[in-house]
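Asks: Got a predicted structure plus its sequence, pasted below:
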Amino acid sequence: MVRVRFAPSPTGYLHIGGSRTSLFNWLYARAKQGKFILRIEDTDKARSKKEFLDEILESLRWLGMEWDELYFQSQRFALYKEYAQKLLDKGLAYREGEAIIFKVVPQKIKINDLIHGEIEFDATTIKDQVLIKSDGTPTYNFACVVDDALMQITHVIRGDDHISNTPKQVMLYQVLGFPLPQFAHIPLILGKAGGRLSKRTGAVAISEYRKAGYLAEALVNFLMLLGWSPGNNQEIITLKEAINRFDITQVNKTAAIFDLEKLNWLNNYYIKHTEPQRLRELVIPLLVDAGLVDKANLDKEYVLKILKLFQPRLNNLKDFCAWADFFFKKEIEIEPAAKEKFLAVDKSAEFKLFLEKLAALEDFNPLSIEEAFRNLVRELNIESRSLIHPLRVALTGKTVGPGLFEVIYYLGLERTKQRLSKWIK
RNA sequence: GACCCCAUCGUCUAGCCUGGUCUAGGACAAGAGCUUUUCAAGCUCUCGACGCGGGUUCAAAUCCCGCUGGGGUCGCCA
């Protein structure tokens, strides 16, 4: 039975790189009907934080990666000491103060990686390894081996950056008498500048993407496409579908650069294809946060209608707050450049006539509004665009947005009057 | 610096293992046009890559070697 694990350290948030590693582990486990184990590597007491742990667990759940078993290394210190003592007893390790150190024996170490094939190392270039630190806690390489062995992990799927740890760990497996797991080192995700993904190069906590209104499906889809392809030129793929198609040996060897543009495109795709009702529930907290709506008396129907207007254009849900603010605000702010471009010339006469036509409408709807507008420009013998743009800016404060007649319809006659009056001298 | 990994459009990739069907396919981005109601949506089109040099072979993006370039690791961090 296949058993894989994702082993994050709660010394930081879960970000793009970690989620991708987790995803490939999870996918492999589900594809092979094995177990996906989550192991929290919290041996560094000073740097491990509960808030990071909570964020990691929450993000994994949000992305859809449920785990089958959960362990904490901080609860297993006795175990590591026990195995270190065994090596001490056999004379394969020695003490240096309180610390226990593994004596590295010169040798060639070959590993057979599922993605990279055979890799050979010369142990003469490897220093003796600390197993147990002076404070009694285990080092990463030691705890990792003991746990992977005791948890009967069959496949160690982790980042490329661990390749150089692998020979050190293999020696430990050997002296401890543990069977070797299969290794699969997946390529790293690099930042835009080329270096390792970090805060400076665009690493952002998964929870941040969530807060910015990215959908879990989009993020997961994006992550899967980094280093793996389902083939057939397919770009859109769900987690469920990927289970049947995923093959760890087909994962690339090449590092991939994180590209926000593609994530945005995928998110836009998923937003377009998501039920507006579900989107509304996600967007309401954002609107509340932005101070655009009042949680206490909220017109959910109205939010839904406005949301539908913007749905095809959104890269993320947070954009909605910025783009649709004029539907929720009493006083709108006009972008200076927009004002300069479209409201510098006086439109009093046109605005006034248009308002009169609107007020005279029997039925106030996008179609009748448009008809009124078309009649007006015909009567005045002017171009539609010469009036449409000034109207949009006066009503929304922006130069881009949904169709003008829908904007007027959803703004309502009262607010339309209010906003246009300001420009009538 | 030592050791290790990697190398197809700007980016993500298909093709490579099992050489010929590759004048190298798709997607994102970019550019152009249409949509005369904007674009941040939609449609159409365009631009754009096998890092370099040697081999092997009738034939190389595909196999081998070297170089160059990029990345990773070298912690009593994980």
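Replies: Great, that's in hand. Residues are numbered from 1 along each chain as shown, chains lettered A, B, ... in the order given.

Asks: Run through the residues that contact A:Val156.
Replies: A:4-5, A:148, A:181-184 (CB atoms under 8 Å, 6 or more residues apart in numbering). C-beta coordinates here come from the backbone N, C-alpha and C atoms, glycine included.

Asks: for A:Ala205, that is, sorry about that
Replies: A:13-15, A:55, A:59.

Asks: repeat that with 7 Å
Replies: A:13-15, A:55 (CB atoms under 7 Å, 6 or more residues apart in numbering).

Asks: Throw those into JSON lines and include neighbour count and pLDDT, thanks.
Replies: Converted to JSON lines, these look like this (neighbours: other CB atoms under 10 Å; pLDDT from 0 to 100):
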{"residue": "A:Tyr13", "neighbour count": "19", "pLDDT": "95"}
{"residue": "A:Leu14", "neighbour count": "23", "pLDDT": "96"}
{"residue": "A:His15", "neighbour count": "23", "pLDDT": "94"}
{"residue": "A:Glu55", "neighbour count": "19", "pLDDT": "97"}
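
Asks: Show me the two of the residues you listed that sit farthest apart.
Replies: Using CB to CB, the pair of these lying farthest apart is A:His15 and A:Glu55, separated by 10.2 Å.

Asks: My guess is A:Arg3 contacts A:Leu150. True?
Replies: No: between A:Arg3 and A:Leu150 there is no contact under CB atoms under 7 Å: 11.2 Å.

Asks: Between those two, which has more neighbouring residues?
Replies: Under the neighbour definition other CB atoms under 10 Å, A:Arg3 and A:Leu150 were set side by side, and A:Arg3 has more, 19 against 13.

Asks: Can you spell out the domain ranges of chain A, please?
Replies: What automatic domain parsing lists as the domains of chain A is A:3-72+A:188-263, A:76-186, A:274-327, A:336-421.

Asks: Now these in JSON lines, please, with extra columns for distance to RNA strand B.
Replies: Listed next are these as JSON lines, based on distance: least, CB to the nearest atom of the strand, whole Å:
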{"stretch": "domain A:3-72+A:188-263", "distance to RNA strand B": "3"}
{"stretch": "domain A:76-186", "distance to RNA strand B": "3"}
{"stretch": "domain A:274-327", "distance to RNA strand B": "3"}
{"stretch": "domain A:336-421", "distance to RNA strand B": "3"}
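
Asks: A:Val220 belongs to a helix?
Replies: Yes: under DSSP: H, G, I helix; E, B strand; the rest coil, A:Val220 falls within a helix.

Asks: Correct me if wrong: it contacts A:Trp62.
Replies: No: using CB under 7 Å as the test, A:Val220 is too far from A:Trp62 to be in contact (9.8 Å).

Asks: Which residue of the two possesses the greater neighbour count?
Replies: Neighbours were counted for A:Val220 and for A:Trp62 using other CB under 10 Å; A:Val220 has more, 25 against 17.

Asks: count of neighbours near A:Asp161?
Replies: Around A:Asp161 there are 12 residues (other CB under 10 Å).

Asks: So it sits against A:Ile189, correct?
Replies: No: the pair A:Asp161 / A:Ile189 is not scored as a contact, 10.8 Å apart, by CB under 7 Å.

Asks: ok, now which ones touch A:Tyr28?
Replies: Neighbours of A:Tyr28 in contact, by CB under 7 Å, 6+ apart: A:4, A:155, A:157, A:246, A:248.

Asks: quick check, it in a helix?
Replies: Yes: counting by three-state DSSP, A:Tyr28 is part of a helix.

Asks: List the contacts of the closest residue to A:Phe52 other than its chain neighbours.
Replies: Counting by CB to CB, 6 or more residues apart in numbering, A:Phe52 lies nearest to A:Pro10, which is 4.1 Å off, once chain neighbours are set aside. Neighbour list for A:Pro10: A:40, A:42, A:48-49, A:52-53, A:56 [criterion: CB under 7 Å, 6+ apart].

Asks: pLDDT wise, what is A:Pro10 at?
Replies: pLDDT recorded at A:Pro10 is 97.

Asks: For A:Gly227, see how far away it is.
Replies: According to CB to CB, to the nearest Å, A:Pro10 stands 25 Å off from A:Gly227.

Asks: Repeat that for A:Glu51.
Replies: 29 Å.

Asks: So between these two, which is more surrounded?
Replies: More crowded of A:Glu51 and A:Gly227, by other CB under 10 Å: A:Gly227, with 20 against 9.

Asks: and the longest helix belonging to chain A, which residues are buried?
Replies: Under DSSP state H, the helix in chain A containing the largest number of residues is helix A:404-421. Neighbour counts over helix A:404-421 (16 or more other CB atoms under 10 Å) mark A:404-411, A:415-416, A:419-420 as buried.

Asks: what about A:Met44, how many residues close to it?
Replies: Actually, residue A:44 is Asp. It isn't Met. Residues near A:Asp44, counting by other CB under 10 Å: 15.

Asks: Could you do A:Val130 as well?
Replies: Using other CB under 10 Å, A:Val130 has 18 other residues around it.

Asks: I figured it was touching A:Ile101, is that so?
Replies: Yes: between A:Val130 and A:Ile101 there is a contact under CB under 7 Å: 5.5 Å.

Asks: which residues does A:Gly159 contact?
Replies: With CB under 7 Å, 6+ apart, A:Gly159 has these contacts: A:17, A:21, A:185-186, A:188.

Asks: In JSON lines, list those residues along with distance to A:Asn316.
Replies: Output for these, formatted as JSON lines (distance: CB to CB, whole Å):
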{"residue": "A:Gly17", "distance to A:Asn316": "21"}
{"residue": "A:Thr21", "distance to A:Asn316": "24"}
{"residue": "A:His185", "distance to A:Asn316": "32"}
{"residue": "A:Ile186", "distance to A:Asn316": "27"}
{"residue": "A:Leu188", "distance to A:Asn316": "25"}
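
Asks: What about those, which are in strands?
Replies: Under the assignment DSSP state E, the contacts of A:Gly159 contribute A:185-186 to strands.

Asks: that older thread, spatially, which pair of the buried residues of helix A:404-421 is furthest apart? Let me know, please.
Replies: Across these, the longest distance by CB to CB is 16.6 Å; it joins A:Glu406 and A:Leu420.

Asks: list the helices and strands the helix or strand of chain A with the lowest mean pLDDT packs on?
Replies: Taking mean pLDDT, DSSP states H and E as the measure, the helix or strand of chain A with the lowest value is helix A:336-342, at a mean of 91. Helix A:336-342 sits against helix A:384-396, with contacts defined as 3 or more CB pairs under 7 Å, 6 or more residues apart in numbering; DSSP states H and E.
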